[in-house]
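> Sequence plus the predicted model coming up.
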Amino acid sequence: MERRDFLKISALSGAAAALDACGNPEHQLIRFIPEEDLTPGIATWKPSVCTLCPAGCGMLVRVMQGDAEVVRKGQLGLLKMGLAKKLEGNPAHPVNEGKLCPRGQAGLQVTYHPDRIRTPLVRSGPRGSGQFKEVTWDEATKQLAGQLSALASGKQQDRLAMVVPPLRGVKKSLLGAFAAALKAPAPVEFAFLDGGVVAAADAASFGPAEPPTADLGHSNYVLSFGADFLGTWNSPVAQSLAYGRMRAGRPGKRGKLVHFEPRISLTAGNADEWIPCRPGTEGALALSLCHVILRDKLAPAADAGHAGTLIEGWAQGLPDFDPEKAEQQTGVPAATIVRIAHEAATHQPAVALAGDSATAHTSGLFNALAVNALNALLGSAGKPGGILFTPAWTPSLGKTAEKSQAGGTLPALVKRIQSGPDAVKALLLFGANPVFAAPAAMQVREALEKVPFIASFGSFIDETSILADVILPDHSPLESWLDDAPVSGTARTVAKVAAPAMEPVHNTRGTPDVLLDVAHQLGGEAATALPWKSYDEALKAAFAPLQHEKGSVSATDPDEFWSKVREQGGWWSAEEKSLPVGGGKGSGVAATAAAPAFDGGADAYAFHLLPFATQMQYDGSLAHLPWMQEAPDPLSTVMWGSWVELNPATAKKLGIEQGNLVEVASQHGSVRAPALLAPGIAPDVVAMPVGQGHESFTRYASERGANPIAILAPMTVTGTDALAWAATRVKVARVGEGKIILFGARLHEMPEDVKHR
Amino acid sequence: MTTKTPEQINEDLLRPLEGTSPRYLAALTFFVLVVLAGAAAFLHQVYAGLGVTGLNRPVFWGFYITDFVFWIGLSHAGTLISAILRLSNATWRRPVTRCAEVITVFALSIGAMFPVVHLGRPWLAFWLFPYPSERGIWPNIRSPLLWDFFAINTYLLGSVTFLVLPILPDMALVRDRTTGWKKKLYHVLSLGWTGTPRQWSRLEMAMRIMAVAVIPVAVSVHSIVSWDFAMAPVPGWHSTIFAPYFVCGAIFSGIAALIIAMALLRKFLHLEDYLLRIHFENLGKLLLVMSLLWFYFVFAERLTTWYGNGSSEMAVFWPTQSGSYAPLFWAMVVCNFVIPFPILAIKKLRTIAGTVVASIGVVIGMWLERFLIIVPSLSHKYLPYSYGSYRPSFTEIIITVATFAGLAMLYMLFSKIIPIISVWELKAGEVTETATAPALARPEQVRAD
Amino acid sequence: MVIDLDRCTGCEACVVACHAENNIATVGEDQAARARAMHWIRVERYYEGEFPNVKTKFMPVPCQQCGAAPCEPVCPTFASYHTIEGLNGQVYNRCIGTRYCANACPYNTRFFNFYNPVWDKPLDLQLNPDVSVRSEGIMEKCTFCVQRIKAGEVQAAAEKRLVKDGEIQPACVQSCPTQAMVFGDLSDPESEASRLARSNRATRLLDELGTFPKVTYLQRGSWHDNENA
Ligand SMILES: Nc1nc2c(c(=O)[nH]1)N[C@H]1C(S)=C(S)[C@@H](COP(=O)(O)OP(=O)(O)OC[C@H]3O[C@@H](n4cnc5c(=O)[nH]c(N)nc54)[C@H](O)[C@@H]3O)O[C@H]1N2
Ligand SMILES: Nc1nc2c(c(=O)[nH]1)N[C@H]1C(S)=C(S)[C@@H](COP(=O)(O)OP(=O)(O)OC[C@H]3O[C@@H](n4cnc5c(=O)[nH]c(N)nc54)[C@H](O)[C@@H]3O)O[C@H]1N2
Ligand code: SF4
Ligand code: SF4
Ligand code: SF4
Ligand code: SF4
Ligand code: SF4
């Protein structure tokens, strides 16, 4: 007897046995025939890709056999299948060398989340009510295809919009190709934290339009302007690895880290010197350092090359930024500026980084350009121990993809929707959550409510997808074909790909496959432009050219190459080679832009609001994972909630005690959260974590904490269209008793406890 | 003491056994209901988990262990005091000893429940017992919890014996005075006591031996209870003073409990002619000595801690002296010293009412002391990151209250069945008052009636 | 185990790794508010000084696997015991929940199951089959990932060789993005962990209590202007 036949028979008898198994409902489920051979208790490791932030770390998934309740062909039953049990870094991967951050490890809970959308849904109540009914995939895709072909037959393809999180690699190409084939505008990329300002500054100063990779492992002196590179900024795992080497990886040598920011972030907490500066003045500070270096002839002005010429007054030695003036502007003592400038200039390689709040003021682009000039002056651009640029992989899926019209920004899309009835007739959402992650003043929700048809491909009902008419749930990352092309964290070209680490648990479908399916249903040009039967075929095609490059995989034929690439979790170039630095094409920003502008007058709104991404919830997209809710925030130790961080002196002045409920109000709205008194924040700044305050985002995140993004002013960074999310002023008042859950170091009990120690 | 005839003594002391008043029934019902509420709370805790308490990390012990130490301490009211009084031939002890010994047995039984009540898995409590199990492992004799097991059981056994032996003649007395089913009951309870000279001399001998033996046992019990704490490297616990400090505190609270019990019995059982002011005054003097001794221990302990200025010790010291636990600490000092000291020291105030007020203070104060030994230390253990705090839950409070009701209930039931004042000893006292006879009455004197 | 505080950033990757590896229950908001959250390894954060001269310090604290562990003698049922390899073992099914061990542990690294743990389905599928789940009334704590140690030893024995230095990595060590943690055999003087434990930056937590902790902390370095010039 064949093994398969035997299994079929045993499955049948299992089903028969189930009929008379009474009481325990689990025993009444039918048992499906297992599709893969796994030895119980023996783990296998499968490569995968972490998709939870733009860093793009490589993973290994520990897969073990287990019994899962799954849906197959519309039927619920038990299946012995490979289940992901643990996520670890892929040691071979150039970005993260076997390590993962806490968020990456919690990715496991995305797959097994109890509130994942398990099957396609169609709205059954009023829009936004959260009432949906389950439908089959046929019905759901038919609805979607119907809408798209109606647009096509009315020649209204330009009235289709797509909103995606920032994409890379083949997936970006595929979505681009899909939009182009449909003759629709390219997808609108949106995320609260995007590296756009830094990339624009890098393009202007050095050429490559991407965030830098700091080669900290070889640095002796690191100046960080706001960038929380050990926490959430850019490529945290790669940067943490390099930081570890900078601290204790070189016998007899230990690099110094200086961090400028009005609040102690994770990175500031690890700095040898944390120097609070006035919000938005980081660029002036960087230029003042340059001024001292030039004045004291520690380096000639010409060393900064193009990056220097972008700064007004560079050739004159930056007269406007002498330390005394800078002290007035930034609040950092002139003597400190002089000392730091000398230390940095005499302890090369030294490197400077700008990010997070420093680039989220109206002066953000100026700040980034100034820090670039400092880097250039310190001789660290493109040098070991300085900043490098990843020669990122840009796959091609043929001509169509590149042809699509510009998609524009989210504010532009909102404007377009509101420009007239039916200006946008259909909107496709690919996991982005702009209703949560954009300021209420941007009116994203109001705009989306006007769009006649919304389809979502997300896995969860969040503030945005709750507005959808149809939900076509994607597989979880572990159940999907994945690819990525990191743009920082390494000086190698990296092209990552991973086959599904496990079978899907629910009745979901990979979104790329659904799009291909829809394109084929539409027929005509759409079908010919997207000829692949499935996403993995497209991936294979996109990867094929790499076979002939010098890299981590050598193979003689395409099939062997493809299988080796999958086994390894991707392909990376043999050589570490930073993109060339110097040929910056951009123009500068006037020095007048050094003064940040703020929303709200200083009299009525006495405090700067500093939103920040957290180690656990990131930008809020991970607030639904119980591990991320219960892991204490490293600095505040808060669990299961959010907080308003206040300097104790400020709190005292306002009559606020630890845990009191506090209202933070801007010109655009107000939020309430408990107060946390922390010594590491400037007295005129209040900080709030972004990530909590979801109205609707599963049982673990809904109605928990407050979302400071909601009350931000819709200001932009001068010279870009990026949101200046650190430019809002607020007022703060105690409104009552509150509740704050701390894991450790209960500050409210500390005063009496420490006073005598 | 007004001289009573043996017949009057019989009448007075056996009266409670003969009828029940509605007031008695109402009070008993009340206590039984409270005990049942406590039992229900415990069952709920077993079913749901220890999460229903206010315990947390790092305060893993709270009300239950406080209650444990408190009740074991209270148990020193009886057997120990009565043994000392017996050995020192204090004649005024005669009406007092039995009600004291009863407190011991009941308080000890209640205290002994708490190591089970506080377990995460109380259904496995028998794993603490040293029996040869199929699991092939004996309990860990290095654990002070095991020492507790032996100490408490030894003390309980000793106390029960100490209590039961001198009850036998009284049981025989009741047996001889009743008829019907009661006669049968007391026939059994008197264990064949006929009052032969042999029996009297054996009883006398046994009581002498027990009185000597029970004193080191009693001292060891509370020393061992103190070592539950002192053996662990916890700031505020790890101290050599703990054993004598605990024994002193135990006797202190025990005397206070005895005074309160006597006052209640005197009032409700109309024993005004037997429990006299002199008894209260004498016990009050003892209480005064213990109060001073207690104060001395607390002072010595606090002073050395403060002078030593160890950082982790001070992290416990200051919250107790002037931080969040200070109200409790100073309330304890008021209850254990500031109130009792003047009352007991000034002769005019050392009345029955006075000693009772002082005693109530001491009982409350000593409960607080146990709490203050446990909770501030656990909530400030070394690494400040893990400092914590503790609030009891309703479950813990109701179980604690129920144990007080439990003592009252047991006491009421006991006093219905067995004369709460030793009849024959009292008679012996009446006779020997003038004759300076040995502690134990001679048989013929009792047989005389 | 050696933890280099100069590398550690307080990122808590180790915390989440330990949850994933060891089936540590998430207790939920209400229980977390009652100080019953379980983190076998925690990152302690201390502030020193006042604005603007504030220093922040991070210190990951797992069970120190004390050589003379105060949690062991007090356990009446030998649920907390010393293994032949010198680890502090915890036998869950022997524990009756006295919590005495947790009081005795100076490092507060023991965690108690106040209720039965709950995994909202299908989150139960994440459970590691190599590690048991603990029920109500039971004490639990960091085991140095004993399941990984055993697996490594069995593997080495099957291949008739000794365990190689660095071959066995507890989940927290495996994950640590700064490579702040090093795990190895302290009885082998050549192991990386032994070598680091002899460093002049080496200290042990609450060493004065005589618990002989097996976790060595390497103190943070400081930066001197002339040193690196
Ligand atoms: N929660 C919990 N888990 C435990 C234990 C526990 O007490 N509680 N005990 C542990 C112990 S000691 C053990 S041994 C394991 C046991 O674990 P398993 O080996 O999983 O034991 P069962 O669930 O009893 O049986 C396995 C399957 O075998 C099927 N079966 C029965 N007869 C036959 C047959 O002739 N041929 C085939 N091919 N299949 C058959 C049954 O229908 C069932 O689906 O569980 C361990 N896990
Ligand atoms: N109806 C039915 N009967 C079955 C089975 C079934 O599937 N159905 N399964 C069978 C199988 S596969 C098995 S393995 C057996 C299991 O049967 P048992 O071996 O009886 O298993 P347990 O009930 O787990 O009991 C183990 C005992 O060990 C004690 N114990 C815990 N820790 C220790 C320790 O460290 N040392 C010692 N000495 N004792 C300890 C526990 O208190 C417990 O009482 O049951 C068999 N019987
Ligand atoms: S940094 Fe963390 S979240 Fe981002 S890709 Fe890497 S592991 Fe994932
Ligand atoms: S993972 Fe490493 S760096 Fe992060 S907190 Fe733990 S020990 Fe520190
Ligand atoms: S809680 Fe468990 S492990 Fe701890 S001492 Fe008690 S029985 Fe032992
Ligand atoms: S750290 Fe605590 S739990 Fe671990 S061995 Fe030491 S005393 Fe025991
Ligand atoms: S060694 Fe294992 S059990 Fe201990 S903290 Fe690390 S991951 Fe957790």
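Cool, the structure landed. Ligands and ions are numbered 1, 2, ... in the order given.

> What helix or strand is the closest residue to B:G78 other than its chain neighbours located in?
Closest residue to B:G78 apart from its sequence neighbours, by CB to CB, 6 or more residues apart in numbering or on different chains: B:T104 at 3.2 Å. Heads up, the C-betas are built off the backbone N, CA and C, glycines and all. For B:T104, the element it lies in under DSSP states H and E is helix B:97-117.

> what's the average pLDDT for that helix?
Mean pLDDT, helix B:97-117: 92.

> mind saving the C-alpha coords of the helix or strand just after that helix as CSV?
As assigned by DSSP H and E, the chain's next helix or strand after helix B:97-117 is helix B:144-164. Output of helix B:144-164 as CSV, limited to C-alpha atoms (Å, rounded to 0.1, in the frame of the first residue of the first chain):
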residue,chain,number,x,y,z
PRO,B,144,12.6,26.0,57.9
LEU,B,145,9.1,25.2,56.7
LEU,B,146,9.9,21.6,57.7
TRP,B,147,11.1,22.7,61.1
ASP,B,148,7.8,24.5,61.4
PHE,B,149,6.1,21.3,60.6
PHE,B,150,7.8,19.4,63.4
ALA,B,151,7.8,22.3,65.9
ILE,B,152,4.1,23.1,65.5
ASN,B,153,3.0,19.5,65.7
THR,B,154,5.1,18.8,68.7
TYR,B,155,3.7,21.9,70.5
LEU,B,156,0.2,21.1,69.4
LEU,B,157,0.5,17.5,70.8
GLY,B,158,2.0,18.8,74.0
SER,B,159,-0.5,21.5,74.5
VAL,B,160,-3.4,19.2,73.8
THR,B,161,-2.1,16.8,76.4
PHE,B,162,-1.4,19.6,78.8
LEU,B,163,-5.0,20.8,78.4
VAL,B,164,-6.7,17.4,78.4
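
> What does the pLDDT read for the residue nearest to A:L79 when sequence neighbours are not counted?
Spatial nearest neighbour of A:L79, excluding adjacent residues (CB to CB, 6+ apart): A:F32 at 4.3 Å. A:F32 is assigned 90 on the pLDDT scale.

> that older thread, dump the residue contacts of the residue nearest to B:G78.
B:T104 sits next to B:S75, B:H76, B:A77, B:G78, B:T79, B:L80, B:S159, B:F162, B:L163, B:G254 when contact means CB atoms under 8 Å, 6 or more residues apart in numbering or on different chains.

> ok, now with 7 Å
B:S75, B:A77, B:G78, B:T79, B:S159 (CB atoms under 7 Å, 6 or more residues apart in numbering or on different chains).

> With B:F229 instead?
Shown in contact with B:F229 (CB under 7 Å, 6+ apart): B:W237, B:F242, B:I373.

> Check what pLDDT A:V71 gets.
84.

> same check, this time on A:W572
For A:W572, the predicted pLDDT is 95.

> again with A:T400
What the model reports as pLDDT for A:T400 is 55.

> mind listing the strands for chain C?
Secondary structure of chain C (DSSP state E): strands at C:2-4, C:42-48, C:55-61, C:80-82, C:88-90, C:110-112, C:139-141, C:181-182, C:202-203, C:216-218.

> C-alpha coordinates for the third one, PDB please?
Presented in PDB, the C-alpha positions along strand C:55-61 are these (Å, rounded to 0.1, in the frame of the first residue of the first chain):
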ATOM      1  CA  LYS C  55      23.000  59.100  33.400                       C
ATOM      2  CA  THR C  56      21.000  56.000  32.400                       C
ATOM      3  CA  LYS C  57      22.100  52.500  33.200                       C
ATOM      4  CA  PHE C  58      20.700  49.200  31.900                       C
ATOM      5  CA  MET C  59      21.300  45.900  33.500                       C
ATOM      6  CA  PRO C  60      19.700  42.600  32.200                       C
ATOM      7  CA  VAL C  61      18.900  40.300  35.200                       C
END
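
> and it, which residues are buried?
Of the residues in strand C:55-61, C:K55, C:T56, C:F58, C:M59, C:P60, C:V61 count as buried by neighbour count, 16 or more other CB atoms under 10 Å in any protein chain shown.

> Touching, C:L87 and C:F144? I think so.
Yes. With contact defined as CB atoms under 7 Å, C:L87 counts as touching C:F144 (5.7 Å).

> that older thread, output the strands of chain C in CSV; the columns should cover mean pLDDT.
Below are the strands of chain C laid out as CSV (pLDDT from 0 to 100):
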stretch, mean pLDDT
strand C:2-4, 97
strand C:42-48, 94
strand C:55-61, 95
strand C:80-82, 96
strand C:88-90, 96
strand C:110-112, 97
strand C:139-141, 98
strand C:181-182, 97
strand C:202-203, 96
strand C:216-218, 97
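
> To ligand 2, which of these lies closest?
The minimum distance between ligand 2 and the strands of chain C falls on strand C:80-82, with 9.7 Å, by CB to the nearest ligand atom.
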